[in-house]
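Q: for reference, the sequence and a predicted model appear below.
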Amino acid sequence: MRNFALAQTIGSGILLLYTIVLWGLPVAPALAVFDAVTEQFLVDDKVVNYVIYGLTIGLCFMVYILSLLFMSGMTQRIIHVRIPEGEDKIVDKLESWTTIRWAVCAHLHRCTHPVLVHTIPSPICNAYYRLAGAKIGKGVQINSINLNDPSVITVEDKVVVGGRSVINGHLVEKGQIVLARVHLKKGCLIGAGTTIQPGVTVGEGAVIATNGLVGKWKKIPAGEVWAGLPVKQIKKSSERNDA
C-alpha cells in the first residue's frame, strides 16, 4: 500500500474524533432517560428526591453501557476484515488496508473495556460479541473482556471462557498481518487466565487448565485436558470420576 504512513497518521486522527463520538453520543439517550424519570417522579421531599436521583443515575449508566456496546459492535460489524468462506485465515502485508481495518476494530473493542467488564458473564456480553462478528452458541458463559478479533471467533454451545482469558485471532510476523479463525467447540472449558492464539481449535468437551498457553494453529483433541506454558496433554479424558 502506497503512503501507508500518511494514511495511518490521518486515520489515527479520524479515529480519535470517532472515539469522541463513540464515548459521547451514548450520553444522549442516558440524559433523555434522566430528564424523563426526574420530571415524572420528583416530589417535594428532599430525601425521597435523593433516592430518585440515585436510582435514575444508575439506570442512566446502564443505558449508557448498552448504547456504547451497540455503537461499538455495529461499527466493528461494518468494517471488520472478513475471511472468505471455506478458508481458515487471511494473510496480507503489514502496510495494508487489512491492517488499518483490523487496528480500528481493535481500538473500538478496547474502548468498550471500561463498560464491558460490568456485563460479564451475561447475555449482554454475548450479544455485544455477536454484534461485533463472533459466532456464539447457546448457554455460553464468557467471563473475559479479551475476546479480541471477535469476527474470527466461533464459540459453540455450552462453552465456558474463564476470567482474564485472552483469545487472539491475529498475529504479526515476517512483515505480514495474519487473521486466523479460532474455534471453541461444544462444551469445552477455557480456564481462567488462559491465552489462545490464532488458528486454534479446542475440541468438544476439552479442558484447557488455568493460565494455559495454547500456541498458534494448535488442535486440541475432543475430551482431553491440557495444561502448561505451552499446553501439553495431562489427561486423555476430562470426565470426572465421582467417588
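A: Noted; the coordinates are in hand.
Q: what about the helices in this structure?
A: Assigned by DSSP state H, the chain shows helices spanning 4-24, 27-41, 46-79, 97-116, 123-131.
Q: ok, now which ones touch Tyr18?
A: Thr75 (C-beta atoms under 8 Å, 6 or more residues apart in numbering). C-beta: built from backbone N, CA, C; applies to glycine.
Q: for Ile196, see how far away Pro230 is.
A: When distance is defined by C-beta to C-beta, to the nearest Å, Pro230 is 11 Å away from Ile196.
Q: before we move on, the earlier item: in TSV, list the helices of the chain along with mean pLDDT and distance to Val172.
A: TSV is the format used below for the helices of the chain (pLDDT from 0 to 100; distance: least, C-beta to C-beta, whole Å):
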stretch	mean pLDDT	distance to Val172
helix 4-24	88	14
helix 27-41	96	35
helix 46-79	97	19
helix 97-116	95	8
helix 123-131	97	23
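Q: can you pull the contacts of the residue positioned nearest the centre of the chain?
A: In the chain, the C-alpha closest to the average C-alpha coordinate belongs to Leu147, at a distance of 3.8 Å (C-alpha atoms, centre = their mean). Going by C-beta under 8 Å, 6+ apart, Leu147 touches Tyr129, Ala134, Ile153, Val161, Ile167.
Q: let's see 10 Å
A: By C-beta atoms under 10 Å, 6 or more residues apart in numbering, the contact list for Leu147 reads 109, 116, 125, 128-129, 132, 134, 136, 153, 155, 161, 165-169, 182, 184, 196.
Q: and those residues, which are buried?
A: Buried subset of the contacts of Leu147 (neighbour count, 16 or more other C-beta atoms under 10 Å): 109, 116, 125, 128-129, 132, 134, 136, 153, 155, 161, 165-169, 182, 184, 196.
Q: filter these down to the ones in strands?
A: Ile136, Ile153, Val155, Val161, Val166, Ile167, Val182, Leu184, Ile196 (DSSP state E).
Q: list the residues that contact both of Pro230 and Ile196?
A: Residues touching both Pro230 and Ile196 (C-beta under 10 Å, 6+ apart): Gly212, Leu213, Val214, Gly215, Lys216, Lys218.
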